[in-house]
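> This is the structure alone, sequence omitted:
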Ligand SMILES: [Zn+2]
């Protein structure tokens, strides 16, 4: 077993990946390290950030450091004893239009220098037309066949091998690419994300690509995302199925004086304070930082950016274990309108929501916070509503239904005393629909917090949901207990009216 899943939420998982250099906890963020310049040393990342895995470029090593890498191994070159993933250099094709190496040359080097996760030389799609994109997929698949043949001839492999998924924004090509790679026996997959998408903030496109890749792969094997970018989108990458992702943004942003926070980016020249407690920010202030020589300043901002990225990964892991990854998405979606657009498109994708619903944990140590109409579309809410619909699909034991405002604290005995026996009871005015009184204290009903406005603003939908739960089940009579609060009193009145219109005898009354 190379990969073990320990907890899941939406399509995200906390897991452990076994590499030749040891276990790596996922989701994992892999800082990109330039093997020649090594601006921020990998050993610093190990000591200061607890980095278990980093990524570097096999093509640059082949061109510039080949002999040293064969002598000392890639771990020697980087001075890092954790796991090292090596990208093949396909990216250079995109940037400079061609690499001077063959797939077998790159593959042999990756094996011989001791890469833990190796990527065959691929041909990135970028933002090409469908016809040209198909060409890059076909060329990539030919490279993969050559790579696997070479590895076979060498008599087995030491590294975990990742199949690069190309196809760009053409979702059918992504599916086709995965289908063809399935038979080749790779250990994991790696989705090529076109850099122009990230630069143009086209998160909606990227999210659709990720969801497509994860669906095509199935839950079994780990998925890496190339070029994840800013920490505010890490939670999204994970929620859509990425177990690993790399980014060079920590350094590229720093060079440009851009200071990362988990919810956005600030420009160092326009800041008055450093809103962070990392060891860099707690030892300096923004004016000192601005006045430092360029390379020192870049290094310090890059280190701060790394702290932010690693902190965000821990936050995402905790959210998965607490079953509140969707809440984290709702928060992070606010960091940029494009991210919010991508988020809305996830929520509107019925097929994806259904898939996510299957992986929502049944219970959680933490409560559920709902905010607005978007919260009501969450997989957890859908799941709870589906469960209630099943309960309400059975014929009732009694012909009389007592409907109690959700905020009213009332016991069975008090109800029996006031109404006599012979009834079923349910709460109305919850975000989930009618909740049978006996389930009042079960998850997630009692652990849900929401503003009153949520019920008020979605009253029509929620009344309709309640009516559908009751309709056609054979109740003859409903007693709607009146609420003392304004919103629920209106809710009760509307519910009573709708039930009456469907032929039930309805009585609205106050309880003592
Ligand atoms: Zn900081």
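Structure's in. What do you need? Every value quoted in this text rests on a predicted model; they were computed, and no experiment measured them.
> Tell me the confidence at residue 185?
Reported pLDDT at residue 185 in the predicted model: 92.
> Need the three-state assignment for it.
Using DSSP: H, G, I helix; E, B strand; the rest coil, the structure places residue 185 in coil.
> and residue 362, what element?
Residue 362 is part of no helix or strand when elements are defined by DSSP states H and E.
> Also residue 432?
Residue 432 belongs to no helix or strand when elements are defined using DSSP H and E.
> Off-centre distance for the helix or strand containing residue 330?
For residue 330, the host element (DSSP H and E) is helix 325-332. Chain-centre distance of helix 325-332: 9 Å, with C-alpha atoms, centre = their mean, to the nearest Å.
> near the ion, which residues of the stretch 151-300 of the chain show up?
Residues of the stretch 151-300 of the chain lying close to the ion (C-beta under 5 Å from the ion) are 276, 278, 281. C-beta here means a position set from N, CA and C on the backbone, and glycine is covered the same way.
> give me the number of residues near the second one?
The criterion is other C-beta atoms under 10 Å. On that basis, residue 278 has 18 neighbouring residues.
> Same check on the first one?
Residue 276: 17 surrounding residues under other C-beta under 10 Å.
> quick revisit: quick one: name whatever helix or strand follows the helix holding residue 330.
That would be, after helix 325-332 and using DSSP H and E, helix 337-348.
> As CSV, the residues of the stretch 151-300 of the chain next to the ion with secondary structure would be great.
Shown next, in CSV, are those (three-state DSSP):
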residue, secondary structure
276, coil
278, coil
281, helix
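> For the closest residue to residue 451 other than its chain neighbours, report the pLDDT, please.
Nearest non-adjacent residue to residue 451, counting by C-beta to C-beta, 6 or more residues apart in numbering: residue 371, 7.1 Å away. What the model reports for residue 371 is a pLDDT of 94.
> secondary structure class for residue 371?
Using three-state DSSP, the structure places residue 371 in coil.
> Quick check, it in contact with residue 330.
Yes: with contact defined as C-beta atoms under 8 Å, residue 371 reaches residue 330; the gap is 6.8 Å.
> of those two, who's got more company?
Counted by other C-beta under 10 Å, residue 371 and residue 330 do not tie: residue 330 has more neighbours, with 21 against 15.
> For residue 378, see how far away that one is.
8 Å (C-beta to C-beta, to the nearest Å).
> Now do stretch 313-326, average pLDDT.
Stretch 313-326 shows a mean pLDDT of 96.
> can you list the residues that contact that stretch?
By C-beta atoms under 8 Å, 6 or more residues apart in numbering, the residues outside stretch 313-326 that reach it are 7-10, 12-14, 25, 27-29, 234-235, 238-239, 262, 327-328, 360-361, 363-366, 368-369, 378-380.
> Which parts of the chain belong to which domain?
3-352, 368-509 (automatic domain parsing).
> Buried deepest among these, which one?
Greatest average neighbour count among those goes to domain 3-352 (a mean of 19), per mean count of other C-beta atoms under 10 Å.
> Nearest residue to the middle of the chain?
Geometric centre of the chain, nearest residue: residue 239, 1.9 Å, by C-alpha atoms, centre = their mean.
> pretty sure that one contacts residue 13?
No: at 10.3 Å, residue 239 does not count as touching residue 13 under the criterion of C-beta under 8 Å.
> Next, work out how far apart the residue of the stretch 401-512 of the chain at minimum distance from the ion and residue 492 are.
Residue nearest to the ion within the stretch 401-512 of the chain (C-beta to the ion): residue 449, separated by 31.1 Å. Computed as C-beta to C-beta, the residue 449 to residue 492 distance reads 22 Å.
> Could you list the contact residues of this protein toward the ion?
276, 278, 281, 304.
> List the contacts of the nearest residue to the second one once chain neighbours are set aside.
To tie it back to what came earlier, the one meant is residue 278. Leaving aside its chain neighbours, residue 278 sits nearest to residue 307 (3.7 Å; criterion: C-beta to C-beta, 6+ apart). Counting by C-beta under 8 Å, 6+ apart, residue 307 touches 49, 276, 278-280.
> Equivalent analysis for residue 308, please.
By C-beta under 8 Å, 6+ apart, the neighbours of residue 308 are 231, 260-262, 276, 278.
> Where is pLDDT lowest across these?
Checking pLDDT across the contacts of residue 308, the minimum falls on residue 262 at 88.
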